[in-house]
Each structure stands twice: as C-alpha cells, then as structure tokens.
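1. just the structure for this:
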Amino acid sequence: MGISLVEAGVGLYHSVPKSGHQPWLWARSHQHPRCQCGCWHRKGGLAASPLLRPSGEDPSGHCVGPDGFPKPFFANRGPFALTFALVSLNPQTVESGLKILFLQDHQETGGAARAAMRFAGGLRKLGVEVAVAAGDRGEGVGIYHVTGKPGRGWGRVWELFSSPDSIKKSRESRANKSWRTAIRDFQPDLIWIHNIQGAFKWGWNLEMVTHALSSAPVLWTLHDMWALGDGPSYFSESELKKRWNGSPLNELRLCMKRGRCTILTPSVWLRDLVRSVDAGPCEAWPNPLDLEVFHPGPRETIRQELGLGQEEIFLMAAAENLADPRKGIDLLAEAWKQIYKTTGLRLGLMGRNCPPILKNDSRVIDFGPVASEQRVAELMAAADLFVHPARVESYGLVMEEAQACGTPVVAFAGGGIHDTLETGRTGWLLGERSVSNLASCLVDILLKRHELRTRRDRCRDFMIQKHANIAFENCWKKVVT
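-> Model (predicted):
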C-alpha cells in the first residue's frame, strides 16, 4: 500500500529515541477524520529511517510536539527535509493522489513566480499532483483563478459608485470564497505559499493564509521583506524591530504555530532576519535553477547573430521592470555615460521600460521582455559580463542564471547577493552603491579582459556544485549525510 506526502514527510515527528524503542511513522489518519486540534496518528512498521521518531503522545492518543502543538517533520530538519520526504521513496510506493497546492499572486510575472513554477515543475517530475492558485490568470488544467475583482459587467459599475472601503471588503469576501473553493476542490496534502502581496489589489488578504493553515500543513516562502514589516517589500535592516509589530508574520504568529507552518527563504540573509524576530521555524532553501536550460550553449553563434565582433566586450543587464528603482538600472545608465566611449564595448538589456537614455544609444541593444527561458539563456551566454546593480535583493536568481551560462557577474554587496556569487572567483562584489564605484569597477574589469575568460568556467562549475546539492533528486542524500 502506498503512502502519501503527509505520511512520507510533512506529518513526521521526531525526538531522540530511547534505547530499545522502535521507529514509528506519525501521519494524519486517512481512516478517521482529523480532530479539531489537527492531530496526527501513529502507524507502526512504516518507517524505514532511524530519523523518524515520535515526539510524544497525549492521553487522548493525539500526536503532539514538545510544545503541545503538532510539529512538522521539516520544521527542524533543515531545508531539504520536505524534498527528502518526496524523493527518498520509491515512486512505485507513492500514491497517485499526492497533492500540493501553490498560492502566489502572479503565475509568471516576476522572479518569485518563476521560482515557484520551477518548484512546481520539479515536484511534477516526481509524480506529485500540483495545482496553482494565482490572482492574475485562471486558464489551464490545475490552475485556479483566485480573485475578488469583479468581471466586466454590473460588478464593475457598482464599484464606480462605491466607497474604497466597500470595494475592499467586497473584493476580500469574493477572494476568500474563491480561495476556499480551490482548497475544497483540490483537497491538498500541503499548501505552499509564495508571494501574495501583489494580489491585495484584487482582494487577497491575510485571512487566506489563516484558512490555508486550518486546511493543511503549510510552507511559506518569503521572497522579500514584506511579511516582516508594515508595508514595503524592502526596508533598512535597522528598521526591522520597529516595523515588526505591524507585520503580517507577527499578526499570524500564533495561528502559524498551531497550523503547522514552516517558513522558507531563498537566502541565508533573509532567513537570519526571520529568526532574529522569532517568527517561527525558518530555513534557507535556494531558488531552483534548471542547469539543462541555463548553460553556455552556442555562444559564438549567438554573438554572430547579434552582430558582435570577436573582440567586442558585451555587457548584459536584466530585470522584469528596468524602471524599478530597486533594480538600479538608473545607476547603470549613469555609469554607462562614463564608459560607453571605450572601444569595442556594447550593452544589452532584457526587460520592459528600458530607460530612454539607453534605448536611444546605438551601442545598446534593447531586447525588451524575453519570455522564453531558452532565449534568456542564449543571450546570457553571449555576454562577457552580467551587470546587476540592484540596490537590494533577497536572493538574485538572475545572477545565478548568468553564471550557469558561464558569464561572470558584477553586483553591489548586501542582502542575499552573497549567497549567489563567489567574489574573486565568479564575479565582483562592490561595497559602495554609487555610480562612480560601478563605473570605476567596470573600467578596471575592461582593462583586465583576460580575467573574464578565466572566470567563465568557474561560474559554470560553481552553479553545478551548488545546485547539484539542492536538486530534487539528490536532496535525500544531503539529509542522510
């Protein structure tokens, strides 16, 4: 008989075993309805690993953690425990009904959405049934359109004559109903939350998180600082304690503790911020990267297609929105003024809203938004240097994509950038966030062009080494070791 995801990992409990005790697997009962406290029940003889031990049992027979609340296995087992639960099982023993429901504001737009969809794709390869609830799209199999925004018709007309507060309450009510319907229809074993704040304009709200916590075990991946503060997606670390009181995580903390939730972050930097305010169990789990898509590829062929000479140095920068101040393309535009006269220097930009000062420069290639990851990889492989002048990043997935294609990176230090770059080997980290510092560094790099060539192989090797350790198929080895 096969076992589900909950039985395989999400519902496991552990403690230091006493001598002579047998390993047990604790899982949500499928024969009896779960009690109101969300108890889990013991099944003997199923555990194949000594890692899996019960934490305790109350007089009523309910499974509890040391603090009296159900505690997920992956809460204290590191970032690889969930994946271990998936891949350490023989596919033939996993039930076909294994279900994970993703909740994210956008299905495709932005780095958080791309990371979430890559996680979803990796889980599907393992035979897991995955559905996505998103606020901006609702087409296709396994896609739920969760929104409170009324369709065209009388609903829109009503909003024209309603107060902002009435519109907000109406949209939230419809969004909550839509989300509850998605959970009821799909009946997930696990809910994986990613970015949600981008859909608040469509009626999304924190009650959706509360309902998720009462319906299934939850993973919540934070892709920025929004959940730690009282509004903005990013703010100074020195303001964290002041902003924490009004944060979503603080508001939901007790509910999350009772609802079996583990927080994930893409970087160690963001994980440490979460831990500093005691927001709950939190682990750093890097965003996934497909090394079969992002690879050096036919570099010379692409360069010829772009009209680049063999001796020309091709710089590349990318962002979903090039006009976003956080991405720092304005700093690059000003630095470009100081270095563009350098012989044999070209610049490429991927993303929407290219700054006019760059768009009108004959030495600049504006690729606009590039939807195909295959094409993104080709353009990155054609570049000699990837410039990422962001003022702050929680991770920097685009930097890893560039390095996987064999392209060194220059970026400002800070935030989660340190997790994605080996300074001195695969790129350069700049201390001061200024135009003069960026321009000076670029000039220095251009005077040492041979270093760009020597670092190309290091970039690819670094990404292979890093992501081989977090690939779905290999995570169980990490845990066992």
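
2. going forward, measure contacts between C-alpha atoms and count neighbours the same way
-> Noted.

3. quick one: the strands in the stretch 51-200 of the chain, in order.
-> Secondary structure of the stretch 51-200 of the chain (DSSP state E, counting those that start in this stretch): strands at 99-104, 129-134, 143-145, 190-193.

4. and Ser440, which of these is closest to it?
-> strand 99-104 (40.0 Å; CA to CA).

5. quick one: that closest one to strand 129-134, angle?
-> 20 degrees (axes from the mean of the first three to the mean of the last three CA atoms, to 10 degrees).

6. follow-up on the earlier one: so which of the strands of the stretch 51-200 of the chain is nearest Pro232?
-> For the strands of the stretch 51-200 of the chain, the distance to Pro232 is smallest for strand 99-104, at 17.7 Å, taking CA to CA.

7. just to revisit the earlier point, let's have the strands of the stretch 51-200 of the chain in TSV, adding distance to Arg303, mean pLDDT and mean neighbour count.
-> Shown next, in TSV, are those (distance: least, CA to CA, whole Å; pLDDT from 0 to 100; neighbours: other CA atoms under 10 Å):
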stretch	distance to Arg303	mean pLDDT	mean neighbour count
strand 99-104	37	93	25
strand 129-134	38	92	23
strand 143-145	38	89	21
strand 190-193	40	92	24
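
8. need the ones you listed in a markdown table with distance to Trp158, can you?
-> Below are the strands of the stretch 51-200 of the chain laid out as a markdown table (distance: least, CA to CA, whole Å):
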| stretch | distance to Trp158 |
| --- | --- |
| strand 99-104 | 28 |
| strand 129-134 | 25 |
| strand 143-145 | 22 |
| strand 190-193 | 32 |
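
9. which ones are touching Ala383?
-> Counting by CA atoms under 8 Å, 6 or more residues apart in numbering, Ala383 touches Ile313, Phe314, Leu315, Met316, Thr407.

10. now swap in Arg391 and tell me
-> By CA under 8 Å, 6+ apart, Arg391 lies in contact with Pro325, Arg326, Lys327, Gly328, Phe412, Arg433.

11. now, the residues you listed that are in helices?
-> Using DSSP state H, no member of these falls in helices.

12. distance of Leu228 from Ala112?
-> 17 Å (CA to CA, to the nearest Å).

13. one more: Ile143?
-> For Ile143 relative to Ala112 (CA to CA), the value is 17 Å.

14. so which pair among the contacts of Arg391 is furthest apart in space?
-> Pro325 and Phe412 (14.1 Å).

15. which of these two has more residues huddled nearby?
-> Shown here are Pro325 and Phe412; by other CA atoms under 10 Å, Phe412 has more neighbours (24 against 12).

16. can you tell me the closest non-neighbouring residue to that one?
-> Using CA to CA, 6 or more residues apart in numbering and skipping the chain neighbours, the partner closest in space to Phe412 is Leu430 (4.5 Å).

17. correct me if wrong: that neighbour contacts Ala411.
-> Yes. Contact status for Leu430 versus Ala411: in contact at 6.1 Å, counting by CA atoms under 8 Å.

18. neighbour count for these two, which is higher?
-> The residue with more neighbours, out of Leu430 and Ala411, is Ala411; 24 against 16, by other CA under 10 Å.

19. mind listing what the more buried one touches?
-> Residues in contact with Ala411 (CA under 8 Å, 6+ apart) are Val387, His388, Pro389, Ala390, Ile417, Trp428, Leu429, Leu430.

20. what's the helix or strand for Thr407?
-> Using DSSP states H and E, no element contains Thr407; it sits outside every helix and strand.

21. wait, it touches Leu379, no?
-> No. If you go by CA under 8 Å, Thr407 and Leu379 don't touch, sitting 10.3 Å apart.

22. and the two? Which one has more around it.
-> Thr407 (31 against 24).

23. okay, the more buried one: pLDDT?
-> What the model reports for Thr407 is a pLDDT of 94.

24. quick one: it and Ala371, what's the gap?
-> Counting by CA to CA - Thr407 and Ala371 are separated by 20 Å.

25. ditto for Gly424
-> For Gly424 relative to Ala371 (CA to CA), the value is 32 Å.

26. check Met208 too.
-> Applying CA to CA to Met208 and Ala371 gives a distance of 30 Å.

27. neighbour count: these two, which is higher?
-> The neighbour comparison of Met208 against Ala371 (other CA under 10 Å) goes to Met208, with 18 against 12.

28. quick check: mean pLDDT across the one helix or strand Ala333 maps to?
-> Taking DSSP H and E as the definition, Ala333 sits inside helix 329-339. Mean per-residue pLDDT for helix 329-339: 93.

29. against which helices or strands is whichever helix or strand comes after that helix packed?
-> Moving toward the C-terminus from helix 329-339, the next helix or strand (DSSP H and E) is strand 345-352. Where contact means 3 or more CA pairs under 8 Å, 6 or more residues apart in numbering; DSSP states H and E, strand 345-352 is packed against strand 313-321, strand 364-368.
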